[in-house]
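> The following block contains a protein sequence and its predicted model.
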Amino acid sequence: MLSSLEVRRQVLEAAREIYNSGMVIGTWGNVSARATDLKGFVITPSGMDYESLNPEDMVIVGYDKQVIEGRYRPSSESPLHLAIYLARPDVGAIVHVHSPFATAFAVAGVPIPVILEETAQVIGHEIPVVPYALTGSRKLAEYAVKTLGETGRAALLSHHGLIGVGASVAQALRVCYVTEQTAQIGIYARMLGPLKGLAEDQVKLLHEGFKKYGQKKQ
Ligand SMILES: [Zn+2]
């Protein structure tokens, strides 16, 4: 079990990583993870430069929406994170980015098909589009939970960006990286001809195989 201090460190590290890798600009995007020793989750604070923050500056939000600990306001997307944690006991961490290629699909309102083996392995489904609702709103949280369903790993937020979920921060990050790569290659491949997704049985085979191969049982 991870202590809340360790979770704070992981959340901050991931926030710095999404910034340094160009998946967000400025203070957009956010990261959260369940604090297993508390009744809530650790999330990045709202509108703060990730480089200047310390693990202690992360905010802990309870499952009853109240801030448990933190001197700053939590990310404005906290309602979205909270709704996913309440709906999905299997989700231990959430990463939200505005990466350009995935967001291009989100703007076009087009789901990202499973065109790569790693998309099948890590995500295992096409990445659907959540209907538009204002950022930070409860409607957006509701739509996102519905679109992710019981097992979804990633979803595109219309005119906005991408959310990736996983059992750990590392998994949620990997979901975002693989989604962005799939979107980038999808757009390039589309210039050469129509996009062909992998067959459903192949996707299933790859996804199941990957779970057994390198990951902890979830
Ligand atoms: Zn956003």
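Everything's here; your move.
> show me what contacts residue 154?
123, 127, 162-165, 175-176, 179 (C-beta atoms under 8 Å, 6 or more residues apart in numbering). C-betas here are computed from N, CA, C, even on glycine.
> just those now: which is nearest residue 30?
Nearest to residue 30 among the contacts of residue 154: residue 163, at 9.6 Å, using C-beta to C-beta.
> re earlier: make TSV from the contacts of residue 154 and add distance to residue 109 to it.
Below are those laid out as TSV (distance: C-beta to C-beta, whole Å):
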residue	distance to residue 109
123	19
127	12
162	14
163	16
164	19
165	21
175	21
176	20
179	16
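> Same list (these) but as JSON lines, adding neighbour count, secondary structure and pLDDT.
JSON lines is the format used below for these (neighbours: other C-beta atoms under 10 Å; DSSP: H, G, I helix; E, B strand; the rest coil; pLDDT from 0 to 100):
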{"residue": "123", "neighbour count": "24", "secondary structure": "helix", "pLDDT": "97"}
{"residue": "127", "neighbour count": "28", "secondary structure": "strand", "pLDDT": "98"}
{"residue": "162", "neighbour count": "28", "secondary structure": "strand", "pLDDT": "97"}
{"residue": "163", "neighbour count": "30", "secondary structure": "strand", "pLDDT": "98"}
{"residue": "164", "neighbour count": "27", "secondary structure": "strand", "pLDDT": "98"}
{"residue": "165", "neighbour count": "26", "secondary structure": "strand", "pLDDT": "98"}
{"residue": "175", "neighbour count": "24", "secondary structure": "helix", "pLDDT": "98"}
{"residue": "176", "neighbour count": "30", "secondary structure": "helix", "pLDDT": "97"}
{"residue": "179", "neighbour count": "27", "secondary structure": "helix", "pLDDT": "98"}
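> wait, which of those is closest to residue 13?
With C-beta to C-beta as the yardstick, the closest approach to residue 13 among those comes from residue 176, at 14.3 Å.
> I'd like the distance between the closest one and residue 36.
According to C-beta to C-beta, to the nearest Å, residue 176 and residue 36 sit 22 Å apart.
> Kindly report the same for residue 207.
From residue 207 to residue 36 the distance is 26 Å (C-beta to C-beta).
> Please apply the same query to residue 117.
33 Å.
> for residue 202, same thing?
Counting by C-beta to C-beta, the gap from residue 202 to residue 36 is 36 Å.
> okay, now residue 26: neighbour count?
Neighbour count of residue 26, defined by other C-beta atoms under 10 Å: 10.
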